[in-house]
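Novice: any chance you can model this:
(one chain, ligands or ions: 1)
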Amino acid sequence: MTMGTPNAGLEDVVVSTSEICFIDGEQGRLLYRGYDIHDLVAHASFEETVYLLWHGTLPSRKELDGFRRALATQRRLPPKVLSLLKSFPRKANPMDVMRTAVSFLGMLDPEIEDDSREANPRKATRIQARVPTLVAAWARIRKGKAPVPPDPRLGLAADFLRMLFGKKPSALAAKAMDTALMLHADHELNASTFAARVTVATLSDIYSGVVSGIGALKGPLHGGANVGVIRMLLEIGDVDRAEAWIKNALAQKKRIMGFGHRVYHTEDPRATHLRRLSEALGREVGDLRWYEMSRIVERVVNAEKGLHANVDFYSASTYYVMGIDPDLYTPIFVASRVSGWTAHILEQQSNNRLIRPRAEYTGARQATYIPIDKR
Ligand SMILES: CC(C)(COP(=O)(O)OP(=O)(O)OC[C@H]1O[C@@H](n2cnc3c(N)ncnc32)[C@H](O)[C@@H]1OP(=O)(O)O)[C@@H](O)C(=O)NCCC(=O)NCCS
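Specialist: Here you go, the predicted structure:
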């Protein structure tokens, strides 16, 4: 067999079929199981979106109620996980905390070695229910505060904010978080989802797949970009400085976090909603600086580089005006994307083949071994 031409970054390489997510990078369209993200944002909730991603169809009211209940009743963290969180260094990167804590959740799951079609959706539900609680618990534990137990009467997004801040969020904040979670839920074969699929394609377990996804999401070229965006806005610090700051950064050939995308060559449809949320929440809390700075940065980067804002750009200012610590933005991405990872893991398991590409070897071929004392 002859080897193909190497393609750095696997750009535009199609490695499998999938029925979960469709992206049209030229038209800026995003569909989950055939449903336009704009329709889902207008009508659905995060829980309904997760059901759709996992099952392929929209739930009936009864099915959605049952699914909400299943997620809500499993939100509570096992005490051993809380003890583990308390033993972590308080300055630990929250993504490292997520990676380790999810791995530990796997060790405590009695079904970890059961890869049957029945057990895997149950495990996916437990993971999805507990990851948001992990983010909120760590946010408090690292500040020496007691974690707030979940309230199963609330939806996942509202309860996440309540566990984070210790008080019920405003209706707008809860709706904004619910929408943000829906927008981050899945995105076809992005790097972390691919990592998750590669892992389970060896017949490894679902937790290992999710942990692989977390590791891949951490990097600043992927989910870590939202932390990079808020750091940039904080460095700019003032609306009046934004234009000069970003022009200078571009002149220095800096990579601007929150812009550009491997697949979209036009507006990322997720950014359209997050831009609106950033403004609405800024207005609610009476602080539009971060939104206004973002608008200026977006205008200049678009005019000078032709690059569009991606999902990470306006999520940063949205979370910031909610009062969320910047380094939690990528873990919040985890709390949402875990739904997509698990949807893809279930799909991979339903029709598995080991994922094992080749590299074109460019190293030496006839090196002569020199005994160690003669080197
Ligand atoms: C997302 C990203 C990694 C996609 O990268 P990619 O498809 O591999 O594209 P490349 O890195 O090869 O970039 C192509 C060109 O656009 C430029 N470019 C891409 N994104 C850029 C950015 N955010 N800021 C400045 N220039 C950028 C590159 O410098 C390169 O220019 P060149 O051809 O003159 O060297 C890239 O756009 C990026 O690094 N963005 C910032 C990080 C980010 O927001 N990630 C979250 C994605 S949802």
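Novice: quick check on the closest residue to residue 73 other than its chain neighbours: phi, psi?
Specialist: Of all residues not flanking residue 73 in the chain, residue 152 sits nearest, at 5.6 Å (CB to CB, 6 or more residues apart in numbering). Yep, even glycine has a C-beta here, placed from its N, CA and C like the rest. When read as degrees, to the nearest 10, the backbone of residue 152 gives phi -60, psi -10.
Novice: go on, residue 36?
Specialist: phi -70, psi 140.
Novice: and the closest residue to it other than its chain neighbours, how close does it get to residue 333?
Specialist: Nearest residue to residue 36 in three dimensions, chain neighbours excluded: residue 29, at 7.0 Å (CB to CB, 6+ apart). Using CB to CB, to the nearest Å, residue 29 is found at 21 Å from residue 333.
Novice: pLDDT of stretch 302-310, averaged?
Specialist: Taken as a whole, stretch 302-310 carries a mean pLDDT of 97.
Novice: how about the CA coordinates for it, as PDB?
Specialist: Taking C-alpha atoms only, stretch 302-310 is exported to PDB below (Å, rounded to 0.1, in the frame of the first residue of the first chain):
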ATOM      1  CA  ASN A 302     -11.900  41.600  11.500                       C
ATOM      2  CA  ALA A 303     -10.800  44.600   9.500                       C
ATOM      3  CA  GLU A 304      -7.100  44.000   9.700                       C
ATOM      4  CA  LYS A 305      -6.900  40.200   9.500                       C
ATOM      5  CA  GLY A 306     -10.300  39.100   8.100                       C
ATOM      6  CA  LEU A 307     -10.700  36.900  11.200                       C
ATOM      7  CA  HIS A 308     -14.000  36.300  12.900                       C
ATOM      8  CA  ALA A 309     -14.800  35.800  16.600                       C
ATOM      9  CA  ASN A 310     -15.200  32.200  17.700                       C
END
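Novice: can you list contacts of that stretch?
Specialist: 225, 247, 250, 256, 258-261, 264-268, 270-271, 275, 294, 298, 301 (CB atoms under 8 Å, 6 or more residues apart in numbering).
Novice: do I have it right that the residue nearest to residue 36 meets residue 270?
Specialist: No. Residue 29 is beyond contact range of residue 270, at 11.2 Å (criterion: CB atoms under 8 Å).
Novice: pick out whichever of the two has more residues nearby.
Specialist: The residue with more neighbours, out of residue 29 and residue 270, is residue 270; 27 against 15, by other CB atoms under 10 Å.
Novice: so, in contact with the ligand or not, the host helix or strand of that one?
Specialist: Using DSSP states H and E, the element containing residue 270 is helix 269-285. No. For helix 269-285, no contact with the ligand is found by CB under 6 Å from any ligand atom; the gap never falls below 8.9 Å.
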